[in-house]
Every structure is written in structure tokens, then in C-alpha cells.
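Participant: With the sequence up front, the predicted model follows.
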Amino acid sequence: MKRKSLSIIVAAGLSAALALGGCARASQDSAGAPGEITMWTHSAGNPGELAVYKQIIADFNASQHQYKIVQQNFPQGSYNDAITAAAAAHKLPCLLDMDGPVMPNWAWAGYLQPLGLPDSLINSLLPTTVGRYRNTVYSAGYWDAALSIFARRSVLDKNNIRIPTVDKPWTLDEFDAAVTTLKANGYATPLDLGAADTGEWWSYAYSPMLQSAGGDLINRGTMKSADGALNGPDAVTFFTWFQQAFTNKWADNSGPVGNQRFIDNKVALSYTGVWNAKDALAAVGGDLLILPPVDFGKGPKIGGGSWQWGISAGCPNADGARAYLKFSFQDSYLTAFADSQVVIPSTASAAAASKYFSDTGALHQFAVLSQKFALARPATPGYPVISSTFEKAAKDIMNGAEVKSTLDTAVQAIDTDIKSQNNYGF
Amino acid sequence: MTAISPPDTRAVGAAASSFPRRRIRADLRSERRAGWAMVAPAVLLLAAFLIVPVLLGFVLSFTNARLVSPEPVGFAGLDNFVRAFTADPTFVRSLLNTFCFAAVVVPVQAGFGLVLAILVNQKIRGAVAFRVIFFIPVVTSIVVVSILWKFMYQRDGLVNSFIDSITFGAWRGTAWLDNPSTALAAIIVLSVWQAVGFHMLIWLSGLQTIPEELYEAARIDGAGAWRQFRDVTWPCLRPTRVFVLITITIAALGLFVQVDVMTQGGPVDATSTLVYHAVRMGYHQQQIGYGSALSLVFFVLVLVVALVQRFLTRDKD
């Protein structure tokens, strides 16, 4: 009998522990001491960024006694999934950061409340660092990113290739000629487009090229259909070029992700982001050129909108969260982010104080590119589907699929989704 | 509750001799309670992570539910299924890929596993070392294996360097995973390599249950190695065979991780599978109703295949 009761207790204890363990983990995030404000970041594994957050939080918590910010970090790869799951379980944190283009989706789903920061603060920020959906501001960021073409001055000079400027960027013909010349002169793969990467990178990097050619992800006027924008003649022209860039072996999709092949001088031109500029600068020094992207016909374009902060709809301490955000938008913090992350600070004064982005800074050119060419991705709640459909279509075309029919299929997928959601309220 | 019947009979047997009846009832009840308590953790976990999700998936299949949406969920009837078979070319392609994968992997992996098992079952020095070596890929995480093979399959990767050196440069390999005509084959090779060790072990356990006398008798009758295999080994492996066949089939139909890590269904849908497509639609594109419908189709297919196999391999007497 003794042994039996023992086994009952053990078994019951085990099941109870399992059940409780699950619940305890789930309730951890929302509850807490009064005045405690939970904050989720996507920055786990990024010590530079976390150090700045730690500093801001410590300063804010010390500056007043009403609220206390509690930070939790997630790896970027699973961050959006964590948010979706938390929202489904009504366990969203008060403060959450989000990638710019996904914000309308979350605002539409009711995850977010209007940001409610003072207009003077919002107006001081770069337009692409402010997340607007249906004329309401839901998010704001400390920085923006920008894409450019990295090159070496010595290589271009040696091959008699004109160095483009912001006012006179490369035309497509010029660019094609430049790549052909470079391929004939020692670069087996002259161009790194970053095609080894996956996920949002594809829309971020290649939809601006499409827009520069005259196409788009969706008809921005109505936001109700991608027909004509993603599969019109301009889009077909662009994607035919895109496919040829791979069939001509100008670019390929083998790794590594990042900018290593440019640093090793295995590619002459690298289409990549400001976040890779520090390493490139260290390796190439004064020879490094930060060139504007190619003009496919309608002027160069680069994607705008990076990670931004918002407040969840169910936040019981929204005033505290707002106070924290207001506190955090100090130039000294923005400069710290900019210099540790190598991203463009969102205010002019923070940029002026930055080591890299001040008027004389080595990476000032990125701030210029962002100001002149940045175009936000379409602010529609349908964006996640658009982006994942675009990625698949572009990859298929890269791998040799027929251009027009692939784009038609993508348009059909996007339009089916929009219709199934009653046009996402547009 | 049949699992605890032996102690019951013991209790009944003992009752006839000494214990009073009431005591036996209490004893029985208490054993039953213990039994329930012991299965409780498993039942709880199965209910929470298998039964409830399956039921939810079944219900969601007939709705237009979304992962993220303020729109009310509505009953959609068979819309999702109609869409899958008529308006989603990627789904049809995924279906074909999945069956193509299973049709190659099941015989190749089972056959190769059997050959390895027979080889490592020989009484030679170092047989155990070979068993360990063949088994190592099984205990390595499939994600790690996929990442490594992804590098090996690149244009200037290990596979192509190897081909280059054994053919003295006469034949140049392609970028295996980027070529629509080789990507699925590349994943098949990797999958067989990774999982064959497990089935080798199963075959091996089957081989070792065959009594040595049968081989002796066969040898006395003058049977050579091939006759011994055909008339002793093969018939005696029947139960093992059924097990191996069904487990490989189910695992092959559920192909996901390799695709997710290595190709994301590309190039041009060449490696998209049912499970991968369901995850892509249900999770990445947030159309959880449609994703559930695809999973239900997958469930029915696996069920049908398993039942057909069960029927074909049934005991005929």
C-alpha cells in the first residue's frame, strides 16, 4: 500500500507540475507589481543595441518612481511569431518594437494603440522613422536603415567606370555596361545582390528596384489590388532584368549572407545596407565608395522604415509607456544607437553628434540617400502576405521561372488574400 | 486499463485464501487509482498537444480563420479544399513532390538500411564501430545536418569538388539546390543518408531474432548465401518489414525540416512539400484556416496510405 500511494503522489505531482509550469510561464509577462511596464525587444544576441536599451531603462527608472520598465529580449527570427502568439493569448507586453512594414497589420488587428507622443517630437523625426497607418501615428523609431551600392574607387577608376552621384546616379544601361566590364576584368561574379538571404530582406531590397522601374508591390492609390503594379509591363521589364542578372552570372545566390565577399574583393559591387558599412570601412578605408542605387527609370529608390516602437492596445500603464518613450527619444541615446549599430539616427541633431553620420562623418552619404530616395513599403495590413508572396515570386524568377506568369500568380495570391479580408478596411 | 490486469488476477487469486472481500475491493480501487495517476501525465500531454490541436485543426479547416485579424471568423464550407485543388498550383506541386519523395525514399532507405544491417551483422572485428558510425547521423540534429549539406551542395562546395577530382574535371556539377531539376534529388540523398542508420538498427534487431538453427539447417540442405537470404532471412523478417515500411512512409510524407532549412520550397516549387506548404500558408501568410485545411488533406492522405499498407501486409491466414 505504501508504495502505491507513493506512486500516486509522484504521478499526481508530476502532472500538476506540468500544468502549473505551463501556466506560470504564460502569466509571467502580463502580471507584475503595479507600475511595472513590460517591454519586448527583438534584439537578443545584439549586445551593442541591448547596452543602449539597458542604459535608457536604468536612467528612466532612476528618473522617477512611478513606473518601472522590465525588459525581455527575443531573437529576431522568432520575434514576430512570439508577438502573434502573445496577442492570441492576450499577453502582449506594454511596449513592443516592430519592423516598420508589419505595423499596419498589427494596428489593424487591434494589437496597438495610437502612439500619442507630442507632435513636436514626431515632427522632429525622419519621416520614414514614423509609422503611420490611416493618418494615425502608431510607431516611431530611433533610427532608419538605408541601402546603397558599395564599391572601391580604385576598381572603378581602373576600369574607367564613371562614379555616380546622388544627382546623377547610374542609369540601367550604364550599370549593365559597368557590370559587363567588371566581369570581363577579373570578377567572376561582379555583383553581390544579397540573394542568399531570405525573409523580409527580399521585399526590403528588391521592391525599391521594382518601384524605380515603375512597378510596385500593390496599387498604392486603392490598396485593393496588385494587378497592374506587380505584373504590369514595367514590372515584367524589371524582373526580366533581374532574371538576366543571374543567368548572365553577374550575381548569384550563394552565401555567405552579409558583405564578406565585398570585403574579400571577390565582388566589385555590393548592394547592401548601412549596417555592413562599419566593417567595410575598416577593411577598405578611404577607397570605399557608398554609391546611390541604380536608376531603373523613375529615379533611384531605397526602402525606408526600420524597427520602431509602439504601445499595445491592452496596456494598463499606457501613460507610463508613453512617458518612457518620450524620455527615450533623447539625442544622446539616438546617437548611441547610431554609433553602436551603424544606423541613421532619426533626428538631425542626433545625426550631427554622431561619429559616422555627421556632415563630416564617413557614412554621412547614407543619411543623404535616406533623405532623398527612401520610400516606405505600402502601409497596408495585407503587407505580410504581399511580402511573402513577393519573396517567393522573385526567388522563382531568379531560378528561371517564366516572368509574366509567375507575377500573375503572385498577383492572384495577393488579391485573393485582400478579398478574403474585405479589402482590409480600405 | 488492461495494462494493470496482471496484479488484479494476483489479488483475486490471493483473495480465495486469506483476505476478506472488502479489503480486496479497496485494494483494487487503489490500484486503479494508481493506474490513472500514472497515465495522467501522458494523457494530459496527449490531450493538450495532440487531441485538442487535431480537433481545432479539423474545425478551422472549414472556416476562413486568420492568425491576425479583427474580421469575424466565418464558416467557409469546402472553400478551402476547393481552393487547394483548383486555384493553388503550389499545393498540387507540393502533393506531387511529397509522393515523389516518398516513392523514392521508402524503397531506397529500407533497402539500403537492410544492406547495412546485414553488413554490420557479420561476425567480423569492428562491426560495432561500423554500427556506431552509421548511426551517428541519426543522433545529429536534422537542422545541423541540413545546414552542413547546404554548404556541401553549393556550386563550389564539397560535393562538386569531389566530383571534380574523381572525374579529373571531366564533369562539372551544378549548384544542386538551386537547380529545379536536381533540388529534390539532392534532398532525397541527404534524407536517406541521415535516417538510414535508424532503420539499419531496426533491421538489425530483426536479424538477430532469427534463430541460428534455421541457417544451419539451410546450410545442411546445401543452400548458398543467396538461398539462405531468400528462404530464411527474408521470411523471418516479416514483422520488421511491416514496421520499417510504415514508419519510413509516415516520416517521408511528413518531410519538412530539410526543405525549411535548405530551400524554402524553391527553386520554383521544386521542393515544396505538403507540410511545408501548409506551414507557409497557415503561419507565414497567417491564413490559418487554409493551412488547417491543407493539414487535414495531409492527415487523410497519410491515413489512407497507412491503411492500404496495413491491408497489403496483413496476416493472410
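Facilitator: Sure, I can see it.

Participant: hey, let's count contacts and neighbours off CA atoms from now on
Facilitator: OK.

Participant: tell me the contacts of the most centrally placed residue in chain A?
Facilitator: Among the residues of chain A, residue A:306 comes closest to the average C-alpha position under C-alpha atoms, centre = their mean, at 4.3 Å. Contact analysis of residue A:306 by C-alpha atoms under 8 Å, 6 or more residues apart in numbering or on different chains lists A:99-100, A:129, A:141, A:143-145.

Participant: Repeat the analysis, applying 7 Å as the threshold.
Facilitator: The contact partners of residue A:306, by C-alpha atoms under 7 Å, 6 or more residues apart in numbering or on different chains, come to A:99-100, A:129, A:144-145.

Participant: same question, residue A:41
Facilitator: Contacts for residue A:41 (C-alpha under 7 Å, 6+ apart) come out as A:72-74, A:96-97.

Participant: Got a ChimeraX select line for the buried ones in those residues?
Facilitator: In ChimeraX, this line selects whichever of the contacts of residue A:41 come out buried by 16 or more other C-alpha atoms under 10 Å in any protein chain shown:
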select /A:96,97
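
Participant: In contact with the residue lying closest to residue A:239 once chain neighbours are set aside, which residues?
Facilitator: In this structure, residue A:239 finds its nearest non-sequential neighbour in residue A:403, 6.6 Å apart by C-alpha to C-alpha, 6 or more residues apart in numbering or on different chains. Neighbouring residues of residue A:403 by C-alpha under 7 Å, 6+ apart: A:236, A:239-240, A:397.

Participant: Give me the subset of those residues that lies in helices.
Facilitator: Residues of the contacts of residue A:403 located in helices (DSSP state H): A:236, A:239-240, A:397.

Participant: Which one of the residues you listed is nearest to chain B?
Facilitator: residue A:397 (7.7 Å; C-alpha to the nearest C-alpha).

Participant: Around the closest one, how many other residues sit close by?
Facilitator: By other C-alpha atoms under 10 Å in any protein chain shown, the residues close to residue A:397 number 24.

Participant: Quick check: it touching residue A:243?
Facilitator: Yes - contact criterion C-alpha atoms under 7 Å: residue A:397 and residue A:243 qualify, at 5.9 Å.

Participant: Is residue A:40 located within a strand, as I assumed?
Facilitator: Yes - with DSSP: H, G, I helix; E, B strand; the rest coil as the criterion, residue A:40 is part of a strand.

Participant: Against chain A, how distant is residue B:228?
Facilitator: Per C-alpha to the nearest C-alpha, to the nearest Å, residue B:228 is found 50 Å from chain A.

Participant: now that residue: how far from residue B:203?
Facilitator: As judged by C-alpha to C-alpha, to the nearest Å, residue B:228 and residue B:203 stand 16 Å apart.

Participant: Repeat that for residue B:293.
Facilitator: In terms of C-alpha to C-alpha, residue B:293 sits 36 Å off from residue B:203.

Participant: before we move on, what about residue B:310?
Facilitator: Plainly put, residue B:310 is 19 Å away from residue B:203 if you go by C-alpha to C-alpha.

Participant: For these two, indicate the residue with more neighbours.
Facilitator: Each of residue B:310 and residue B:203 has its neighbours counted (other C-alpha under 10 Å); residue B:203 has more, 25 against 14.

Participant: For the helix or strand containing the more buried one, give the mean pLDDT please.
Facilitator: In the assignment (DSSP states H and E), residue B:203 maps to helix B:183-208. Averaged across helix B:183-208, pLDDT comes to 92.

Participant: swap in stretch B:25-38?
Facilitator: What stretch B:25-38 shows for mean pLDDT is 88.

Participant: One more: stretch A:73-80?
Facilitator: 87.

Participant: number of nearby residues for residue 184?
Facilitator: Went with chain A since none was named. Neighbours of residue A:184 using other C-alpha under 10 Å come to 12.

Participant: wrong one, I was asking about chain B
Facilitator: Using other C-alpha under 10 Å, residue B:184 is surrounded by 26 other residues.

Participant: of all the residues in the stretch 151-300 of chain B, which ones are close to chain A?
Facilitator: B:154, B:178, B:266-268, B:285 (C-alpha under 7 Å from any C-alpha of the partner chain).

Participant: Now render those residues as CSV, adding neighbour count and secondary structure.
Facilitator: Shown next, in CSV, are those (neighbours: other C-alpha atoms under 10 Å in any protein chain shown; DSSP: H, G, I helix; E, B strand; the rest coil):
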residue, neighbour count, secondary structure
B:154, 21, coil
B:178, 22, helix
B:266, 22, coil
B:267, 25, coil
B:268, 25, coil
B:285, 24, coil
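
Participant: Flag the least confident of these.
Facilitator: Out of these, that is residue B:266, at 76.

Participant: tell me the contacts of that one?
Facilitator: When contacts are counted by C-alpha under 7 Å, 6+ apart, residue B:266 touches A:396, B:272.

Participant: Could you pull up phi and psi at it?
Facilitator: Main-chain dihedrals, residue B:266, degrees, to the nearest 10: phi -80, psi -170.
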